[in-house]
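>>> show me the folded form of this:
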Amino acid sequence: MKVKYAIHQLPFTHPFTISKGTKTHQPTFIVELDFMGIKGYGEAPAIAYYNIPVEQMAADLEAKKIFIEKYAFNDPERFWHYLHHLFPQNHFLVCALDMAGWDIYGKLKKQPLYQLWKLDTATSPITDFTIGIDTIEKMVVKMKEQPWPIYKVKVGVDGDIEMVAALRQHTDAVLRVDANAGWTLEQALQKIPQLKALGVEMVEQPLAKDDWEGMKVLYEQSPLPLYADEACVYENDVERCYRHFHGINIKLTKCSGITPARRMISKARELNMEVMIGCMNESSVGTAAIAQLAPLLDKVDMDGPLLLNEDIAQGVQFGFGKIIYNTKPGLGITIQAL
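This next block holds a predicted model:
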């Protein structure tokens with residue numbers, strides 16, 4: 001196995017603001033694994049509040065690259081377990097390598113991953129398009145620039161109900177909101193009924209990730225479904241979210257890849273919880289991995305390539321929110337040379 005990687009700073013079309021801050025570029029880490037001439041690709045974007053910068057991913061990979069190069073690859077799930085123990089403190093890097101392993105596996109089998117998993121792409125949900133926090137005027141402009149059937153609106157700041165109300169005046173599309181842990185219990189109890197009156201479909205991570213007592217109260221009283229994001233990072237978080245949230249939003253980068261995400265989906269289904277996979281502003285590399293899993297989901301947020309002004313791969317396409325699948329093996333992408 002040969003290992004290569006590249007670091008990119010992908011610019012956003014508009015500065016992207018959530019309740020935790022603003023960024024103009026998305027740092028992302030791309031890996032290439034070459035197994036007997038078959039190349040697989042994976043991605044892990046860096047998110048500041050998780051404290052795993054792309055430089056750390058590169059340093060950790062360099063330190064143990066020889067152990068990956070000597071690995072006898074034959075099965076992506078076994079490969080993930082190996083990586084999980086090799087990089088116990090860097091789930092982001094494990095995600096990128098796991099993704100690349102699955103890409104290779106699909107190419108070895110000459111099938112897209114969704115076919116290998118015997119999934120029906122006709123059941124894939126429509127992706128939403130995210131409207132970051134901004135002035136109301138600019139948020140309306142962003143929405144009009146990208147006519148879409150479902151919008152996810154970032155909230156969790158003062159005046160957020162007014163923002164959603166203003167957007168509702170300009171669209172009949174489905175609206176979802178994501179507070180990114182920006183509300184107190186009292187604020188959530190006040191705001192969620194107002195959001196329901198505005199036709200909002202669901203609320204993502206209303207409270208702080210560790211406010212389990214507050215979430216229990218909110219779960220029992222909320223008129224809208226509540227999805228965990230920051231509160232559901234790893235596999236063992238799924239059961240903890242049961243009876244505190246109606247659904248979970250899995251992030252491949254945070255949970256450490258496709259392999260654990262599939263197990264998280266199965267566990268959520270056992271608990272009769274809804275399942276969403278969200279993006280962390282990945283390029284088409286990471287977004288393609290989400291697309292392969294989409295037939296297993298109730299909702300999907302995979303608009304990274306739509307928010308970015310540059311991409312580093314081709315193969316992810318949408319028709320008014322609907323994923324347009326191709327039959328290329330593995331992740332189904334073509335990437336520019338690293």
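>>> run me through the strand neighbours of the strand or helix carrying Phe318, direction for each.
When secondary structure is defined by DSSP states H and E, Phe318 falls within strand 317-319. In the sheet, strand 317-319 lines up against strand 322-324 (antiparallel) (DSSP bridges).
>>> could you pull out the buried residues of the partner strand?
Residues Ile323 are the ones in strand 322-324 that count as buried (16 or more other Cβ atoms under 10 Å). Placement of C-beta: from N, CA and C, glycine included.
>>> helices of the stretch 1-150 of the chain, start to end?
For the stretch 1-150 of the chain, applying DSSP state H, counting those that start in this stretch gives helices covering 54-69, 76-86, 91-109, 113-116, 136-145.
>>> could I get the ones you listed in a markdown table, plus columns for mean neighbour count, mean pLDDT and distance to Val316?
What follows is the helices of the stretch 1-150 of the chain, written out as a markdown table (neighbours: other Cβ atoms under 10 Å; pLDDT from 0 to 100; distance: least, Cβ to Cβ, whole Å):
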| stretch | mean neighbour count | mean pLDDT | distance to Val316 |
| --- | --- | --- | --- |
| helix 54-69 | 16 | 98 | 21 |
| helix 76-86 | 18 | 98 | 20 |
| helix 91-109 | 26 | 98 | 14 |
| helix 113-116 | 19 | 98 | 13 |
| helix 136-145 | 15 | 96 | 19 |
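>>> picking that back up, give the buried residues for the strand holding Phe318.
Phe318.
>>> neighbouring contacts of it?
Judged by Cβ atoms under 8 Å, 6 or more residues apart in numbering, the contacts made with strand 317-319 from elsewhere in the structure are 127, 306, 323-324, 326.
>>> likewise stretch 223-230?
Applying Cβ under 8 Å, 6+ apart, the contact partners of stretch 223-230 are 178, 180-181, 192-193, 195-196, 200-206, 209, 215, 218-219, 237, 241, 244-249, 251, 274, 276, 278, 299.
>>> just how off-centre is it within its chain?
Relative to the centre of its chain, stretch 223-230 is centred 15 Å away, using Cα atoms, centre = their mean, to the nearest Å.
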